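> just the structure for this:
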Amino acid sequence: MANYFSNHSASRFLANSSQTTTTTTPAHTSQGSLSQPATPSSTPVRPRIPSKHFSTTVTTTQPSATKDSTVSSTPSSATATQVHPLRNTWVFWFRQQRAPGNKITSYEEGIKKIAAFSSVESFWSLWTHLAPPSALQPTTDYLLFHSGIRRPVWEDPLNLSGGKWILRLKKGIADRFWEDLVMAIIGDQFDDCRPSVRADDKGKSNGANGQDENGNEWPEICGCTISVRQSEDIVTLWNRVDGDVKLREQIRDTLRKVLNLPPSTIMEYKSNNDSMQDKSSFRRTAIDKTPMSPIS
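Model (predicted):
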């Protein structure tokens, strides 16, 4: 049986184990959706939990026939597709390790902003032009973070008191996991993950108690990353409050559901404070490997 998880020796996922899977890119049309792209018949389809806050099927509202000469003379380009807004605005970032001779020395200097999006339509128009992780060179990162985070680094005010769940994958399966995670985040599938007691918020940037300038509380999920490396691909899910153990477990269990992970999969948690201390997001020093609890 294929061993996909670098820390899980009996994975049940068989996609891409013995053949190269052709990724079908969803067409960018006026009827884009947040549903999964077409999957080859040889690849088992894993169910995705639907979003609670917006429809994952985008429909186009066509104007009804009318005798009004003003409407009938309107150019077809003015018949715009209805926009389906997301609850939050998100930003894609990109980073590639410096090449020999490149004078970029810090991690932050190498991070480049790709684009922001705040609707289903703008997401798909961007997503269909991004190369999948399997097409990236090793030591390349994709980062997706909430627009309130100025830079996707440990030291950002909204990330400072948080941490991240880490999932290590064998090469060849990251594309689908990354897509599922991105759409779970922008589809608010982690929205129920909130601190039971509001912490002393070191992660606030505007207002009190982690609220933005409009008085809205920042979401608990800051963002996610995928790091393409030579021998493995590493997915991380960043959250805002590190000190709430129950909240961390809730995020872990939700992540397990949206990615359809086996109960025996090992996921590691590391605080951003520990990362700043040892200058590494993934180094195993001081990482909490909390075992998964059964789903009730």
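> for the stretch 151-296 of the chain, give me the ranges with low pLDDT.
Under the criterion pLDDT under 70, the flagged ranges of the stretch 151-296 of the chain are 197-216, 284-296.
> can you map out the strands along it?
Counting by DSSP state E, counting those that start in this stretch, the stretch 151-296 of the chain has strands at residues 163-169, 221-228, 233-239, 268-271.
> for those strands, which one sits closest to residue 192?
Among these, the nearest to residue 192 by CB to CB is strand 221-228 (10.9 Å). Every C-beta, even on glycine, is put in place using the N, C-alpha and C of the backbone.
> rewinding a little: which of the strands of the stretch 151-296 of the chain sits closest to residue 93?
Residue 93 sits nearest to strand 221-228 of all the strands of the stretch 151-296 of the chain, at 8.6 Å, using CB to CB.
> picking up where we left off before, how about the strands of the stretch 151-296 of the chain in TSV, adding distance to residue 94 and mean neighbour count?
Putting the strands of the stretch 151-296 of the chain into TSV (distance: least, CB to CB, whole Å; neighbours: other CB atoms under 10 Å) gives the following:
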stretch	distance to residue 94	mean neighbour count
strand 163-169	18	23
strand 221-228	11	24
strand 233-239	15	25
strand 268-271	23	21
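> same list, the ones you listed, but as TSV with distance to residue 190 please.
Below are the strands of the stretch 151-296 of the chain laid out as TSV (distance: least, CB to CB, whole Å):
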stretch	distance to residue 190
strand 163-169	11
strand 221-228	5
strand 233-239	8
strand 268-271	15
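> report the longest strand in this structure, please.
Ranked by residue count under DSSP state E, the longest strand found in the chain is strand 85-96.
> tell me what angle it forms with strand 221-228.
Orientation of strand 85-96 against strand 221-228 (axes from the mean of the first three to the mean of the last three CA atoms, to 10 degrees) gives an angle of 40 degrees.
> hmm, back to that, quick one: closest of the strands of the stretch 151-296 of the chain to residue 249.
Between residue 249 and these, the shortest gap by CB to CB is with strand 268-271, which sits at 9.3 Å.
> elements contacting that closest one?
Applying 3 or more CB pairs under 8 Å, 6 or more residues apart in numbering; DSSP states H and E, we find strand 268-271 packed against strand 163-169.
> could I get the CA-only coordinates of the strand it packs on as PDB?
Output in PDB follows, covering the C-alpha atoms of strand 163-169 (Å, rounded to 0.1, in the frame of the first residue of the first chain):
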ATOM      1  CA  GLY A 163       0.800  28.900  16.400                       C
ATOM      2  CA  LYS A 164       0.300  26.300  13.600                       C
ATOM      3  CA  TRP A 165      -0.700  22.800  13.000                       C
ATOM      4  CA  ILE A 166       1.800  20.900  10.800                       C
ATOM      5  CA  LEU A 167       1.000  18.000   8.400                       C
ATOM      6  CA  ARG A 168       3.800  16.400   6.600                       C
ATOM      7  CA  LEU A 169       3.000  14.700   3.300                       C
END
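> list the helices and strands it packs on?
Packing partners of strand 163-169 (3+ CB pairs under 8 Å, 6+ apart): strand 233-239, helix 245-259, strand 268-271, helix 272-278.
> got the contact list for residue 177?
Going by CB atoms under 8 Å, 6 or more residues apart in numbering, residue 177 touches 167, 169, 235, 259.
> adding distance to residue 244, write these out as CSV.
Output for those, formatted as CSV (distance: CB to CB, whole Å):
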residue, distance to residue 244
167, 20
169, 27
235, 22
259, 22
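> what's the closest of those residues to residue 108?
Proximity of these to residue 108 (CB to CB) peaks at residue 235, which lies at 20.9 Å.
> and the gap between the closest one and residue 136?
From residue 235 across to residue 136, the span is 13 Å (CB to CB, to the nearest Å).
> among the strands of the stretch 151-296 of the chain, which is nearest residue 116?
With CB to CB as the criterion, residue 116 lies closest to strand 221-228 of the strands of the stretch 151-296 of the chain, at 12.3 Å.
> so what touches that closest one?
Strand 221-228 is contacted by residues 90, 133, 136-146, 149, 152, 158-159, 162, 174, 178, 181-182, 185, 190, 193, 233-240, 251, 281-282 when judged by CB under 8 Å, 6+ apart.
> report the angle between that strand and strand 163-169.
With the same axes, to 10 degrees defining the directions, strand 221-228 sits at 30 degrees from strand 163-169.
> so can I have CSV of the helices and strands packed on strand 163-169 showing distance to residue 123?
Output for these, formatted as CSV (distance: least, CB to CB, whole Å):
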stretch, distance to residue 123
strand 233-239, 18
helix 245-259, 17
strand 268-271, 28
helix 272-278, 26
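> residue 129 is nearest to which of the ones you listed?
That would be strand 233-239 among the helices and strands packed on strand 163-169, by CB to CB, at 20.8 Å.
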